[in-house]
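Novice: here is my input; please provide its structure:
(chains A and B)
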Amino acid sequence: MEKNSLNASKIALFAILTALALALSLLEQMIPLGMIIPIPGIRLGLSNIITMFAIFYLGAYPALLILLCRIFLLLLLSGNVSSFFLSLCGGLLALLVMFFLKRWAGRYFSLFGVSIGGACAHNIGQIIGASLLLSSKAAFYYLPVLLITGTATGILTAFITSALFLSVDRSRIFTRYHLGSKSVR
Amino acid sequence: MHVKKGDVILTVIILLTALALFIAFLSMPSQNITAVISVDGVVKNKIVLTGLKEPITLKYKNLGYCNIVQAANGKICVESADCPTQDCVHTGWINRAGQTIICLPSHLIIKLEGSNGKNIDTVVG
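Specialist: Next up is the predicted model:
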């Protein structure tokens, strides 16, 4: 099986992961985290689990594809353009940072470092996006709080993701369906 | 999954950055608090909050949303808004320099600025 070939099982897998990420995005919109910490766009970052899974098991390009599909579908479902823009800025920066951290994953960073870095990068990306939207740097006021919440949500998603990785490895679904190589962790 | 050295270092760096930023915000000049209210990046109102005698209610309409802002002695808040997220309302009263209320849907920003109070007559007693 060629590494980059897009076979039917891979397309199906990408679709499932996109649907899962979308469902997690919708789920966390129902969690009123903004009531406790009133910051525009604050969230648990549960869909980051899928991005991390895609980065570790499928590579950067499929991860980007799934991310973009999820964000675009969320726009169609919610119709919220400003949150679409924030998700896009946050998601792309998070993906970039997680990919680079993962490159060093074996040596310096475990899943926890990747997850925390990704969550904080997502929040920083959102602040940059908000600054562009508002044409003001005022949103950087939220940076310290968002760095702390990013660390906390990063640790939370790392626990969930490591459980996911364990069960995926145990099921051997990747070797059974020729879904590409599992990355070294 | 074992936690590695890089994880700990990264977390410490992030938390120290957050702490440094917190301290930077806290060390802002805290006297003579002024609220700078801007919509779409354009300053609409500047209100000196310190010593404000009577509460002021202001209305801002932008992008189809309406925010009702209330200013009182030394503090300001978004009293009500019809934006979907309500983050601006949930923020509540702010009273320290550097504090900010942002309503993303209506592009409203309320930022508090302070001065050192050197040129201001202080009333003692």
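Novice: tell me the contacts of residue 17?
Specialist: You didn't say which chain, so I picked chain A. The contact partners of A:Leu17, by C-beta atoms under 8 Å, 6 or more residues apart in numbering or on different chains, come to A:Ile50, A:Phe53, A:Ala54, A:Ile66. Any C-beta I mention is one placed from the backbone N, CA and C, and that applies to glycine too.
Novice: other chain: chain B
Specialist: A:Pro144, A:Leu147.
Novice: what's the following helix or strand after the helix or strand containing it?
Specialist: Per DSSP states H and E: B:Thr17 is located in helix B:5-26. Downstream of helix B:5-26, the first helix or strand assigned by DSSP H and E is strand B:31-39.
Novice: who does that following strand pair up with?
Specialist: strand B:42-48 (antiparallel), strand B:108-115 (antiparallel) (DSSP bridges).
Novice: nearest to A:Ala121, of these?
Specialist: Among the strands paired with strand B:31-39, strand B:108-115 comes nearest to A:Ala121, with 23.9 Å by C-beta to C-beta.
Novice: gap between the closest one and the chain center?
Specialist: 5 Å (C-alpha atoms, centre = their mean, to the nearest Å).
Novice: using PDB, list the CA coordinates for it.
Specialist: The C-alpha trace of strand B:108-115 is given here as PDB (Å, rounded to 0.1, in the frame of the first residue of the first chain):
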ATOM      1  CA  LEU B 108     -17.500  46.700  20.600                       C
ATOM      2  CA  ILE B 109     -14.400  47.200  22.800                       C
ATOM      3  CA  ILE B 110     -14.400  48.900  26.200                       C
ATOM      4  CA  LYS B 111     -10.900  49.400  27.500                       C
ATOM      5  CA  LEU B 112     -10.000  51.000  30.800                       C
ATOM      6  CA  GLU B 113      -7.000  53.300  30.900                       C
ATOM      7  CA  GLY B 114      -5.400  54.800  33.900                       C
ATOM      8  CA  SER B 115      -2.900  57.600  34.500                       C
END
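Novice: count the residues that sit near B:Ala72.
Specialist: 16 (other C-beta atoms under 10 Å in any protein chain shown).
Novice: pretty sure it is touching B:Leu52, no?
Specialist: Yes: between B:Ala72 and B:Leu52 there is a contact under C-beta atoms under 8 Å: 6.3 Å.
Novice: circling back to that earlier point, quick check: which of the strands paired with strand B:31-39 is buried the most?
Specialist: Sort the strands paired with strand B:31-39 by mean neighbour count, taking mean count of other C-beta atoms under 10 Å in any protein chain shown, and strand B:108-115 sits at the top with a mean of 22.
Novice: average model confidence for it?
Specialist: Taken as a whole, strand B:108-115 has a mean pLDDT of 89.
Novice: spell out which parts of chain A neighbour chain B.
Specialist: A:34-35, A:38-41, A:80, A:82, A:86, A:101, A:104, A:107-113, A:116-117, A:120, A:130, A:133-136, A:138-139, A:141-145, A:147-148, A:150-151, A:158, A:162, A:165 (C-beta under 8 Å from any C-beta of the partner chain).
Novice: of those, keep whichever come out buried.
Specialist: Buried members of the residues of chain A next to chain B, scored by 16 or more other C-beta atoms under 10 Å in any protein chain shown, are A:34, A:38-41, A:80, A:82, A:86, A:101, A:109-113, A:116-117, A:120, A:130, A:133-134, A:136, A:138-139, A:141-145, A:147-148, A:150-151, A:158, A:162, A:165.
Novice: helices - which of those land there?
Specialist: Among these, DSSP state H puts A:34, A:82, A:86, A:101, A:111-113, A:116-117, A:120, A:130, A:133-134, A:143-145, A:147-148, A:150-151, A:158, A:162, A:165 in helices.
Novice: any idea how far the residue most central in space within chain B lies from A:Ala8?
Specialist: With distances taken as C-alpha atoms, centre = their mean, chain B has B:Thr100 as the residue nearest its mean C-alpha position (1.8 Å). Here the distance between B:Thr100 and A:Ala8 works out to 50 Å (C-beta to C-beta, to the nearest Å).
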